[in-house]
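Chemist: With the input below, show me the fold.
(2 chains)
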2 protein chains.
Amino acid sequence: MHSISSLRTKLENSIGALDFQSKPSELYEPIIYTMNFGGKRIRPLLVLLGCDLFNGDVDTGLRPALAIELFHNFTLLHDDIMDNAPLRRGKETVYKKWNTNVAILSGDTMFAIAYDFLTEVDPLLLPGMLKLFTKTAREVCEGQQYDMNFEKQPDVTIAEYIEMIRLKTAVLFGCSLKLGAILGHASVTDANNIYSFGENIGLGFQLQDDLLDVFGNVEKFGKEIGGDIVSNKKTFLYLKAMELAESKDLKELQRCYTDEDIPSIQKIEKVKEIYSNLNIREKTREQIDIYYNNALECLQKINVEESRKEELKKLAKQLLGRDY
Amino acid sequence: MHSISSLRTKLENSIGALDFQSKPSELYEPIIYTMNFGGKRIRPLLVLLGCDLFNGDVDTGLRPALAIELFHNFTLLHDDIMDNAPLRRGKETVYKKWNTNVAILSGDTMFAIAYDFLTEVDPLLLPGMLKLFTKTAREVCEGQQYDMNFEKQPDVTIAEYIEMIRLKTAVLFGCSLKLGAILGHASVTDANNIYSFGENIGLGFQLQDDLLDVFGNVEKFGKEIGGDIVSNKKTFLYLKAMELAESKDLKELQRCYTDEDIPSIQKIEKVKEIYSNLNIREKTREQIDIYYNNALECLQKINVEESRKEELKKLAKQLLGRDY
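Modeler: Take a look at the predicted model:
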């Protein structure tokens, strides 16, 4: 059994040692820059934890873990172009620091390198792992497309939103854990249960992120508070509020999300006030708790010693804001 | 043995039958649009020809062939953004018809689907085919980066240019043939020789393309003549001319490629005149012939009945403009 912190150290060492020694430097520098951006390394950590849960050799999980981190960062590179995002984790995004073409092409290259790393696994496990990874990659693209569609779609439902974040965020959590489980030679049932555990954690994680965007504190969150409100993002909080609001609040919320003349600070304040009136914070937490409990149920079913599940439970608590 | 035209029919049928039946349509429509763009389908054809050369079952080559065509079209989608190209094969490019975000994301999805298709091959052959495909994908990205670098680099050498087109164009020809050869259970030596054959054909093909851009006729070429000159592209022709030109011609050529006030028609005429003075057309053809002969030498070494090589020879002749 490995602790989260020891696995994180392993990961950081592997990422720090990445050296593509390839040319042209214009292509590979942004990749090194991105990979050293930091971040919580949740997804590659899930690969290792999934492997360790089934008593697999976590060192065999390092390359697939890096593949997942490369893939995740590739999607960020391209998403940042699409979202015109100048900053990520407090640093300039690649398309801003270099340019759009660099971000496109370095991103493409990262996607290819991810496959290179994945291809290094035991050939007997390769087809299954590849199929899962590629299916997930497609789903993440589909999720991003829905996310962009929703910007223009006036009547997004909560169910549609959940499906979008499932594709854009949650499936990669599930995939990461399941790749690890396959490496640990888990049974098909166990591998599917750990996937569902990850999917539920991923859903809860995204709602927690939506919540922190409005009610978090800047230092802990690392981003400006209220960004989603300023950019009229139809998050779970907003959609829930639209569902529950009546007359005055409903009108006011609609006005906030359409009237471009309201100054940001006022807009954030107003929307937060409506959220408070409607107990949106509590309702979002309730939904997160549903995913948390679903996840624990999936974990429960997995046929390994209970003590081996401790690190995953700990991580789930942290990610879903239940560690206080 | 299959003829080129029968293999092309097989391919067109497979491409025509592509139906991802996936949502969201905003993501998949541009993929179908792109795949039905037409084009010569050279690369997927090379997969089938490589397989057939070694008496492999060409039907097992169809999915890898589609993978190659998907990959190639994905690179075109992203290249067209980077090059601001509004038209391809006379039709609007994806980023122009939809927008940049669509072209980025649909492109990414095509890359993933390419892997999906490739993963369907015999698991015993999968690791080798994957490694080759991913290595090639990275090289194509590297080639595109060099191509962009050269726009700003004042002193590109012919050797650097050849290495750039080797990466951007030729390796995919080699890869396509070698994937087919692996499917046909070719020996390592034969597989490497067919790769080199493809690489040489790819190099010659690009020089032929450079040549047609200046001296071709519009109907046959399908693009405006002189596009490379108008956009100051440092092609083989230009670099050869810069190497050979003296005093007046040299100055004039440099002026044409730097003075933005020269009208396009005049610029094309002037550069063509200098090319004629320096016999650039003939010198380019000589270089193409070198690649053609190199390719034939590689084919010669391959340990299969000579009659099986006929279709590849025919295609090589066509692609390198020697079919008249």
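Chemist: From here on, just use CA atoms for contacts and neighbour counts.
Modeler: Will do.
Chemist: Which residues of the stretch 201-324 of chain A lie near chain B?
Modeler: The stretch 201-324 of chain A has no residues near chain B, with proximity defined as Cα under 8 Å from any Cα of the partner chain.
Chemist: ok, the closest residue to residue A:235 other than its chain neighbours - contacts?
Modeler: Nearest non-adjacent residue to residue A:235, counting by Cα to Cα, 6 or more residues apart in numbering or on different chains: residue A:210, 6.4 Å away. When contacts are counted by Cα atoms under 8 Å, 6 or more residues apart in numbering or on different chains, residue A:210 touches A:228, A:235-237.
Chemist: State the helix or strand in which the residue in the stretch 151-300 of chain A that chain B sits nearest to lies.
Modeler: Residue of the stretch 151-300 of chain A nearest chain B, by Cα to the nearest Cα: residue A:164 (10.6 Å). According to DSSP states H and E, residue A:164 maps onto helix A:158-165.
Chemist: Keeping just the C-alphas, turn that helix into PDB.
Modeler: The C-alpha trace of helix A:158-165 is given here as PDB (Å, rounded to 0.1, in the frame of the first residue of the first chain):
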ATOM      1  CA  ILE A 158     -29.800  20.300 -15.200                       C
ATOM      2  CA  ALA A 159     -29.800  16.800 -16.700                       C
ATOM      3  CA  GLU A 160     -28.000  18.200 -19.800                       C
ATOM      4  CA  TYR A 161     -25.500  20.000 -17.700                       C
ATOM      5  CA  ILE A 162     -24.800  16.900 -15.700                       C
ATOM      6  CA  GLU A 163     -24.300  14.900 -18.800                       C
ATOM      7  CA  MET A 164     -21.900  17.600 -20.100                       C
ATOM      8  CA  ILE A 165     -19.700  17.600 -17.000                       C
END
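Chemist: Of all the residues in it, which ones are buried?
Modeler: The neighbour-count check on helix A:158-165 (16 or more other Cα atoms under 10 Å in any protein chain shown) flags A:158, A:161-165 as buried.
Chemist: touching chain B at all, the helix or strand following it?
Modeler: Note on helix A:158-165: by DSSP H and E, the next helix or strand toward the C-terminus is helix A:171-183. No: on the criterion Cα under 8 Å from any Cα, helix A:171-183 is out of touch with chain B, staying 14.5 Å away.
Chemist: which residues sit against helix A:171-183?
Modeler: Contacts for helix A:171-183 (Cα under 8 Å, 6+ apart): A:43-44, A:46-54, A:56-57, A:60-61, A:64-65, A:68, A:125, A:129, A:132-133, A:136, A:139-140, A:190-192, A:194-199, A:201-202.
Chemist: rerun at 6 Å
Modeler: When contacts are defined by Cα atoms under 6 Å, 6 or more residues apart in numbering or on different chains, helix A:171-183 is touched by residues A:43, A:46-48, A:50-51, A:191, A:195, A:198-199, A:202.
Chemist: Now it: average pLDDT?
Modeler: Helix A:171-183 carries an average pLDDT of 98.
Chemist: Okay, buried residues for the helix or strand following that helix please.
Modeler: As assigned by DSSP H and E, the chain's next helix or strand after helix A:171-183 is helix A:188-215. Within helix A:188-215, the residues scored as buried using 16+ other Cα under 10 Å are A:190-214.
Chemist: Can you get me the centre-to-centre distance for helix A:188-215 and its chain?
Modeler: 9 Å (Cα atoms, centre = their mean, to the nearest Å).
Chemist: before we move on, the earlier item: show only the entries of the contacts of residue A:210 found in helices.
Modeler: Counting by DSSP state H, the contacts of residue A:210 place A:228, A:236-237 in helices.
Chemist: Report the distance from stretch A:8-17 to the chain centre.
Modeler: On Cα atoms, centre = their mean, the centre of stretch A:8-17 falls 20 Å from the chain's centre.
Chemist: and it, what's its mean pLDDT?
Modeler: Mean pLDDT, computed over stretch A:8-17, is 96.
Chemist: Show me which residues of it are buried.
Modeler: The neighbour-count check on stretch A:8-17 (16+ other Cα under 10 Å) flags A:8, A:10-12, A:15 as buried.
Chemist: Check stretch A:310-324 too.
Modeler: A:311-312, A:315-316, A:319-321.
Chemist: what does stretch A:172-190 give?
Modeler: A:172-186, A:190.
Chemist: Can I get that stretch in PDB, CA atoms only?
Modeler: C-alpha atoms of stretch A:172-190 as PDB (Å, rounded to 0.1, in the frame of the first residue of the first chain):
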ATOM      1  CA  LEU A 172     -11.500  10.900 -17.300                       C
ATOM      2  CA  PHE A 173     -11.600  10.300 -13.500                       C
ATOM      3  CA  GLY A 174     -13.200   6.900 -14.200                       C
ATOM      4  CA  CYS A 175     -10.800   6.100 -17.000                       C
ATOM      5  CA  SER A 176      -7.800   6.900 -14.900                       C
ATOM      6  CA  LEU A 177      -8.800   4.600 -12.100                       C
ATOM      7  CA  LYS A 178      -9.900   1.800 -14.400                       C
ATOM      8  CA  LEU A 179      -6.600   2.000 -16.400                       C
ATOM      9  CA  GLY A 180      -4.800   1.400 -13.000                       C
ATOM     10  CA  ALA A 181      -7.200  -1.400 -12.200                       C
ATOM     11  CA  ILE A 182      -6.500  -3.100 -15.400                       C
ATOM     12  CA  LEU A 183      -2.800  -2.900 -14.700                       C
ATOM     13  CA  GLY A 184      -3.500  -4.400 -11.300                       C
ATOM     14  CA  HIS A 185      -5.400  -7.300 -13.000                       C
ATOM     15  CA  ALA A 186      -8.700  -6.400 -11.400                       C
ATOM     16  CA  SER A 187     -11.800  -8.500 -12.300                       C
ATOM     17  CA  VAL A 188     -14.100  -6.900 -14.900                       C
ATOM     18  CA  THR A 189     -16.700  -6.200 -12.200                       C
ATOM     19  CA  ASP A 190     -14.200  -4.600  -9.900                       C
END
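Chemist: what's in contact with stretch A:100-115?
Modeler: Outside stretch A:100-115, the residues that touch it by Cα under 6 Å, 6+ apart are A:27, A:67, A:70-71, A:74, A:77, A:94-95, B:82, B:134, B:138.
Chemist: Give me the subset of these lying in helices.
Modeler: A:27, A:67, A:70-71, A:74, A:77, A:94-95, B:82, B:134, B:138.
Chemist: So which of these is the closest to residue A:302?
Modeler: residue A:67 (25.6 Å; Cα to Cα).
Chemist: Setting aside sequence-adjacent positions, which residue approaches that closest one most closely?
Modeler: Distance criterion Cα to Cα, 6+ apart; nearest residue to residue A:67, sequence neighbours excluded, is residue A:114 at 4.0 Å.
Chemist: Surely the one you found is within a helix?
Modeler: Yes: counting by DSSP: H, G, I helix; E, B strand; the rest coil, residue A:114 is part of a helix.
Chemist: got any ranges where the stretch 151-300 of chain A has weak pLDDT?
Modeler: Scanning the stretch 151-300 of chain A for pLDDT under 70 picks out A:218-223.
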